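Asker: sequence and computational prediction follow.
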Amino acid sequence: MIIAIRMQQSEFAGGYMSHIYYTQAQLKDRIISEIFVILALSVLIFSGFFVLEEYGILPYLLIFIGTISALIFRHSNTRGYKCTNCGCEFEITFCQDLPTINSILFMKKMLTCPDFKLRDYTIELIKKKSN
Ligand SMILES: [Zn+2]
């Protein structure tokens, strides 16, 4: 929660000066994404052995939800999507990212375009900020 508030503040502070744009994912972006997914899976597997044994299902469920949420939070904040029909670029929220999180490692996602309200595949882009 504290992290989320801080991120919003820094975005607000730099909002007038910086320009947000979207770019195709480079190999580096993909590797970083994969590292985050592997990290999250490691936390879940590692805590599965220890927390599940020692403390039971409830604490493990909290760790599980927290880890997955952190992964989705990061993903929805660093991605933009380009519509394959009209070419418009848009972002999605945490809640929109949640049901399609299985596509986290693919750079395609089934989304509804905000301009024409058509549901189709979109190309996932990396959100960048220029000064
Ligand atoms: Zn569109």
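Answerer: Received, thanks.
Asker: how deep is the nearest residue to residue 119 once chain neighbours are set aside tucked in, by neighbour count?
Answerer: Nearest residue to residue 119 in three dimensions, chain neighbours excluded: residue 112, at 4.8 Å (C-beta to C-beta, 6 or more residues apart in numbering). Using the backbone N, CA and C atoms, a C-beta is placed for each residue, glycine as well. By other C-beta atoms under 10 Å, 15 other residues sit near residue 112.
Asker: distance-wise, check residue 112 relative to the ion.
Answerer: Shown here: residue 112 relative to the ion, a distance of 9 Å by C-beta to the ion, to the nearest Å.
Asker: got the phi and psi for that residue?
Answerer: When read as degrees, to the nearest 10, the backbone of residue 112 gives phi -90, psi 120.
Asker: pretty sure it sits against residue 122.
Answerer: No. Counting by C-beta atoms under 8 Å, residue 112 does not reach residue 122; the two are 9.2 Å apart.
Asker: report pLDDT for residue 116.
Answerer: Reported pLDDT at residue 116 in the predicted model: 87.
Asker: that one and residue 84 touch, don't they?
Answerer: No. Residue 116 is not in contact with residue 84 according to C-beta under 8 Å; the separation is 11.4 Å.
Asker: remind me what the longest strand seen in the chain packs against, helices and strands.
Answerer: Of all the segments assigned as strand in the chain under DSSP state E, the longest by residue count is strand 119-130. Contacting strand 119-130 under the criterion 3 or more C-beta pairs under 8 Å, 6 or more residues apart in numbering; DSSP states H and E are the following elements: strand 19-24, helix 57-78, strand 79-83, strand 108-112.
Asker: now the angle between strand 108-112 and that strand, please.
Answerer: Strand 119-130 runs at 110 degrees relative to strand 108-112, counting by axes from the mean of the first three to the mean of the last three C-alpha atoms, to 10 degrees.
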